[in-house]
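Visitor: Pasting the sequence and the predicted model now:
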Amino acid sequence: MRASLFITCYNDTLYPETGRAVVRLLERLGVELEFHPRQTCCGQMHANTGFRSEAFSQATRFVSLYQNAETVVIPSSSCVAMIRDQYPGLFEELGNDELRRQLADLLPRVFELSEFLIDRLGVDDVGAYFPHRVTYHASCHGLRGLHLGDRPNRLLAKVRGLDLAPLPNLDRCCGFGGTFSVKNGDVSSAMLAVKLQDVVSTRAEFCTALDNSCLMHLGGAMHRQFAGMKTIHMAEILASTESDPAEGLA
Amino acid sequence: MSRGRANAAGGGHPVLDPALAPPFPVAALPVLRNSQLRKNVAHATDVIQAKRARVVAEKDDWQALRNAGAAIRDHVLENLGAYLEQFEERCTAAGGTVHWAADAAGARSIILEILRQEKAAEVIKIKTMTSAEIQLNPFLEAAGVKVFETDLAEIILQLGEEEPSHIVAPALHVNRSQVREIFARRMGLKDLSDDPQALTAAARNYLRRKFLDIPTAISGANFLIAETGSVAVVESEGNGRMCLTLPRALITLAGIEKVVPRFQDLEVMLQVLARSATGERMNPYTSLWTGVTPGDGPQRFHVVLLDNGRSGILARKTERQTLRCIRCAACMNACPVYRQTGGHAYGSVYPGPIGAILTPQLMQMHHAQSLPFASSLCGACYEVCPVKINIPEVLLELRSQVVNQERRQALRFFDPMYVGLRVANLLFSRAWLFHAAQRLGRIGLGFFTRGDGWIHSLPSVGAKWTQTRDLRGLPSQPFHAWWAERGRKPMKEAK
């Protein structure tokens, strides 16, 4: 199995350990990986802030870079939701039938990480070991956009040593929302305060998710408040083994 | 009692006129500091949401009902003109009088004209958010007509000089002890307790007199039925029933989108409305009437059909679904933004996610442009909407319209957000530039990065982030550089 990685802009820039963990994990599972050096961004930030013509150009770029990929794996649920839910409308508005056709051809081959593991590889036990108490935050795009359902929990349940703490009010947004977090910084902070209460109440060591954008938000507040918790992308948990623990834990 | 008095909303009287209200982030700030209001709103929305979840879960065919609700509403919107004409014809044949109002001013003067014909110096009102949309009460008061609200929540607001903050439970932001204070003060009941029975008894005493003394009423409508020319109003208290049956003359104000084709469509609409709005299987009172019945109920009946920007929305493909709304408020109860701010910050009688898309459109995108951005796009609104309005999709469409308006303004050229997004677009279109910017960004952010590797304070737009969150400093090696160093062959480029 060959898969092409799309390590979107903020993961490449801010959270390279997530990409590295995806590489360790998928290569361990026998996937042959490719990485297109000219990849940048899916266009979500522009599309969600109302800069639609800029989003068109990122979307076009994605389709032209990946149209020949066997499969595309993206460890960011909101970027996958952008591609799946927003690209078709963008191309329709653009009136570009060729792009629409290419996208329709490509979309069935685009996977979020947990989708790729469970639906494409057919594994829920990836052989991981992570002896910590962990709570899972179902980011809105994963929950309501991609309908990831029980996939994340199935993967976490098979991680040896992991003590999974259910998160109360799982379906509530952490308040990030991209540029919302600064355009409406005060409201975003209020949402974050409420979310953090739930997260801290689990008494977990780690809060994990399939999207570093929520984790950047939650983790930023945890660090500010000395909350005694950290965030970690689920790829890093799944990549972690006895002999090769997650980065920063060794 | 001055209008500027601090009220339950905190920080002075909220402005619910979208043309005058401050932008959402500004209006939200004082509310976020109001602990009582936030507790009231969180508690009330939790209670309604839990009730809704229970009664929705017991319907195996809930998704089918939602689909049917959306289909009925879409069919209406595609054939609105024909159904409105049919409604007018049937309602008129049954003894009603139908008026058409193009805008708020038109509707107000039609209503005032009717009240003058009725020689009404006082009027009672029930279940009409649309009257707040056209700011009817201050207009009538200025014209010398005294207005008395008769819905319990609306009485609380009127006596407390408050503004509605929710479309189903307008006094949702006020708690029981605050209601006691308002009633005690305005009804002269010094020893009133905050026992719910005592409070409703006080309201009943106050209301009975109004029902018996005032022979003219104004109502809203939940549905207009084209096939029969009937009007439907649903409510919980029975005060609406009084208001709709006791007066001699009744004026119903309804947005043009409120029509449904057939009587049997109520089967779907009443089910999805009650379960979504109040978490009940059926609402306690459903009043249905057709024109005038001699010797029974109001003998003069007027319907004012209000456009006020709606037909403009109808013409737009993505936005049209906004008009499916049946005003159940499930979206605001589910919305994590509304749950923190309550309704007043939206500067409109229509708050929450539906307000964030409806209000700017009713203002023809000339006001309330901050509202489409008052959402984290979490999608909770779409998930609960009984007529499947894809609110996030409409929010994005409106955001794009706002940006297209604003980016032509010279002032915006140097706005940090606009500069940032333009630069980001340039970087994302060329990987080598993006990678160079990462290196530069690391140097730049290095000045703000503390010894612990984290950024605790940023200037400009970044300050809105660091006001409550830290940011981890940029790592020394982005992923793409690590991959290149690993010496793997990059994939073959698509041509």
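Guide: Right, received. Where do you want to start?
Visitor: contacting residues around residue 115?
Guide: Using chain A. By Cβ atoms under 8 Å, 6 or more residues apart in numbering or on different chains, the residues touching residue A:115 are A:80, A:146, A:148, A:151. The way it works is simple: take the backbone N, C-alpha and C, and place the C-beta from them, glycine included.
Visitor: right idea, wrong chain: chain B
Guide: Contacts of residue B:115 by Cβ under 8 Å, 6+ apart are B:123, B:140, B:145, B:216, B:251.
Visitor: if we look at chain A, which of those residues are close to it?
Guide: Among the contacts of residue B:115, no residue lies close to chain A (Cβ under 8 Å from any Cβ of the partner chain).
Visitor: Quick check: of these, which lies closest to residue B:155?
Guide: Residue B:155 has its nearest neighbour among those in residue B:123, at 14.5 Å by Cβ to Cβ.
Visitor: Just the element for the closest one, please.
Guide: Following DSSP states H and E, one finds residue B:123 within strand B:122-126.
Visitor: helices or strands up against that strand?
Guide: Where contact means 3 or more Cβ pairs under 8 Å, 6 or more residues apart in numbering or on different chains; DSSP states H and E, strand B:122-126 is packed against strand B:146-149, helix B:196-213, strand B:216-219, helix B:239-245.
Visitor: Repeat the analysis, applying 7 Å as the threshold.
Guide: Strand B:122-126 sits against strand B:146-149, strand B:216-219, helix B:239-245, with contacts defined as 3 or more Cβ pairs under 7 Å, 6 or more residues apart in numbering or on different chains; DSSP states H and E.
Visitor: you'd agree residue A:72 is up against residue A:65?
Guide: No - with contact defined as Cβ atoms under 7 Å, residue A:72 and residue A:65 do not form a contacting pair (9.5 Å).
Visitor: which of those two has more neighbours?
Guide: residue A:72 (24 against 21; other Cβ atoms under 10 Å in any protein chain shown).
Visitor: List the contacts of that one.
Guide: A:4, A:6, A:66, A:109-111 (Cβ atoms under 7 Å, 6 or more residues apart in numbering or on different chains).
Visitor: cool, residue B:342 as well?
Guide: Counting by Cβ under 7 Å, 6+ apart, residue B:342 makes contact with B:31, B:37, B:41, B:165, B:173.
Visitor: Name the residue of the stretch 51-200 of chain B that lies nearest to chain A.
Guide: Closest to chain A within the stretch 51-200 of chain B is residue B:53: 10.5 Å, counting by Cβ to the nearest Cβ.
Visitor: Name the helix or strand for that residue, please.
Guide: For residue B:53, the element it lies in under DSSP H and E is helix B:35-57.
Visitor: can you pull the buried residues of that helix?
Guide: B:37-38, B:40-41, B:44-45, B:48-49, B:52, B:55-56 (16 or more other Cβ atoms under 10 Å in any protein chain shown).
Visitor: how about the residue nearest to the spatial centre of chain A, phi and psi?
Guide: With distances taken as Cα atoms, centre = their mean, residue A:76 lies nearest the centre of chain A, 2.1 Å away. Main-chain torsions, residue A:76, degrees, to the nearest 10: phi -150, psi 110.
Visitor: Tell me how many other residues crowd the nearest residue to residue A:223 once chain neighbours are set aside.
Guide: Once flanking residues are discounted, residue A:223 sits nearest to residue B:470: 4.3 Å by Cβ to Cβ, 6 or more residues apart in numbering or on different chains. For residue B:470, the count of nearby residues is 22 (other Cβ under 10 Å).
Visitor: Out of the contacts of residue A:72, which are close to chain B?
Guide: Among these, the ones lying near chain B by Cβ under 7 Å from any Cβ of the partner chain are residue A:4.
Visitor: So which of the contacts of residue A:72 wins on neighbours?
Guide: Neighbour counts for these peak at residue A:6, which has 27 neighbours (criterion: other Cβ under 10 Å).
Visitor: I'd assumed residue B:371 was in contact with residue B:402.
Guide: No - contact criterion Cβ under 7 Å: residue B:402 and residue B:371 do not qualify, at 9.3 Å.
Visitor: if we can go back for a sec, hmm, who's touching the helix holding residue B:53?
Guide: By Cβ under 7 Å, 6+ apart, the residues outside helix B:35-57 that reach it are B:8-10, B:31, B:62, B:169, B:172-175, B:275-276, B:278-281, B:330, B:333-334, B:339-340, B:342.
Visitor: what pairs with residue A:110 across the strands?
Guide: residue A:72 (DSSP bridges).
Visitor: can you pull the pLDDT of it?
Guide: Note for residue A:110: predicted pLDDT of 98.
Visitor: any idea how far stretch A:48-65 is from the chain center?
Guide: Between the centre of stretch A:48-65 and the centre of its chain there are 19 Å (Cα atoms, centre = their mean, to the nearest Å).
Visitor: So for it, what gets flagged as buried?
Guide: A:48-52, A:54-56, A:58-63, A:65.
Visitor: of these, closest to residue A:174?
Guide: residue A:48 (15.5 Å).
Visitor: Can you check the pLDDT for residue 30?
Guide: No chain in the question, so chain A it is. 97.
Visitor: wait, chain B
Guide: 95.
Visitor: what do you get for residue A:156?
Guide: Note on residue A:156: pLDDT of 98.
Visitor: Go through the helix or strand hosting residue B:405 and flag the buried ones.
Guide: Residue B:405 is part of helix B:391-406 when elements are defined by DSSP H and E. For helix B:391-406, a neighbour-count test (16+ other Cβ under 10 Å) marks B:391-403 as buried.
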